[in-house]
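Undergrad: here is the input, now give the coordinates:
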Amino acid sequence: MITNWIRRRFDRAPRQTTDTMLCDIAPAAKVTAVGDIHGRLDLLQALLPRLDDQCSLVFVGDYIDRGPYSAQVLHHLRHLSETSEGRVQCLLGNHEEMLLRFLDVPECNARLWFQNGGVQTLASFGLKPPDNTNENQQVQQLADDLRLKMGESLLNWLADRPLTWTSGNVTFVHAALDPRQPVEVQKPQICLWGHPMFPRLARSDGQWVVHGHTIVDLPRVKNRVVSLDTGAFASGRLTAAEINAGCVRFTSTA
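TA: Residues are numbered from 1 along each chain as shown. The predicted structure follows:
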């Protein structure tokens with residue numbers, strides 16, 4: 001169920017495409033980043049044909065939960081990344097981390113994941129949570145069943161997702177970077193869950209950051225930060241940012 005506060009965020013009509021000139025943003029080559037998909041395979045399939053299929057493509061995580069087609073999104077992205085000869089990069093999001101933690105220690109992580117959209121992901125694999133999440137044996141059996149449904153190759157692919165990817169002076173990450181620390185020494189929990197100084201404090205090293213995780217009404221650029229998560233699961237608006245030297249161009253599905 002989508003809560004009312006999320007619905008209210010998307011009442012106003014969005015722009016579908018915008019261009020912002022930014023003189024010092026400079027990836028090594030043109031690259032497109034896609035925001036949080038959250039199980040909306042329909043939006044992903046609508047957005048991809050509108051993107052430049054010759055440049056690098058980065059997905060910033062949160063492929064699963066909340067929307068109805070998490071399993072299908074995972075399989076689709078894995079196929080894209082494994083057949084693209086390095087052109088497609090898929091980063092790890094905090095929702096993928098919750099799934100992996102559930103599989104590792106289900107009795108400790110089931111409730112958090114289920115309360116944050118994991119129930120919809122289970123349904124996409126043909127499973128449902130037990131009536132009593134405090135019953136460790138039932139929760140463990142569910143984790144075993146999910147492992148079987150996902151298969152070893154998909155699980156290995158998901159566990160191997162990187163936290164960041166950098167091109168030129170642009171770094172892509174799911175949630176945030178600590179603006180006071182170099183990109184190379186960021187803590188995983190900050191990359192996946194955020195940082196209180198991000199994006200209020202601009203980085204001093206000239207590095208730009210492109211991220212999802214935090215829902216914004218419209219994609220935006222502020223303090224060398226490009227924010228892409230437009231709440232696709234609730235708004236129907238999946239957003240991509242095409243980034244070239246001096247320019248960020250947003251394209252959304254609604």
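
Undergrad: can you tell me the SS state at residue 209?
TA: Put simply, residue 209 is strand when judged by DSSP: H, G, I helix; E, B strand; the rest coil.

Undergrad: kindly export the helix or strand hosting residue 97 (C-alpha atoms) in PDB.
TA: Per DSSP states H and E: residue 97 is located in helix 94-104. Taking C-alpha atoms only, helix 94-104 is exported to PDB below (Å, rounded to 0.1, in the frame of the first residue of the first chain):
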ATOM      1  CA  ASN A  94      19.800  -0.500   0.200                       C
ATOM      2  CA  HIS A  95      16.800  -2.600  -0.800                       C
ATOM      3  CA  GLU A  96      19.100  -5.100  -2.500                       C
ATOM      4  CA  GLU A  97      21.200  -5.100   0.700                       C
ATOM      5  CA  MET A  98      18.100  -5.800   2.800                       C
ATOM      6  CA  LEU A  99      17.200  -8.800   0.600                       C
ATOM      7  CA  LEU A 100      20.800 -10.200   0.800                       C
ATOM      8  CA  ARG A 101      20.800  -9.700   4.600                       C
ATOM      9  CA  PHE A 102      17.500 -11.500   4.900                       C
ATOM     10  CA  LEU A 103      19.000 -14.400   3.000                       C
ATOM     11  CA  ASP A 104      22.100 -14.500   5.200                       C
END
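
Undergrad: now do that helix: everything it contacts.
TA: 38, 61-65, 108-110, 112-113, 116-118, 121, 143, 146-147, 155, 158-159, 161, 174-175, 192-193, 213 (Cβ atoms under 8 Å, 6 or more residues apart in numbering). To be clear about C-beta, it is placed using only N, CA and C from the backbone, and glycine gets the same treatment.

Undergrad: now the element after it, going C-ward?
TA: By DSSP H and E, the next helix or strand past helix 94-104 is helix 106-113.

Undergrad: show me what that next one is packed up against.
TA: helix 94-104, helix 136-150 (3 or more Cβ pairs under 8 Å, 6 or more residues apart in numbering; DSSP states H and E).

Undergrad: out of those, which is the most enclosed?
TA: helix 94-104 (a mean of 21; mean count of other Cβ atoms under 10 Å).

Undergrad: can you give me the buried ones in stretch 80-99?
TA: Neighbour counts using 16 or more other Cβ atoms under 10 Å place 80-81, 88-99 of stretch 80-99 among the buried residues.

Undergrad: show the end-to-end separation of that stretch, please.
TA: Start and end residues of stretch 80-99 are separated by 21 Å (Cα to Cα, to the nearest Å).

Undergrad: equivalent analysis for stretch 208-228, please.
TA: 14 Å.

Undergrad: thinking again about what came up before, out of the helices and strands packed on helix 106-113, the one nearest residue 166 is which?
TA: With Cβ to Cβ as the criterion, residue 166 lies closest to helix 94-104 of the helices and strands packed on helix 106-113, at 19.9 Å.

Undergrad: and the strands in the stretch 151-254 of the chain?
TA: 164-167, 170-173, 208-211, 220-222, 225-227, 239-244, 247-252 (DSSP state E, counting those that start in this stretch).

Undergrad: one more: the stretch 1-150 of the chain?
TA: For the stretch 1-150 of the chain, the strands defined by DSSP E, counting those that start in this stretch occupy 17-21, 31-34, 56-59, 88-90.

Undergrad: the third one pairs with which strands, parallel or anti?
TA: Each strand that pairs with strand 56-59, with its direction, by DSSP bridges: strand 31-34 (parallel), strand 88-90 (parallel).
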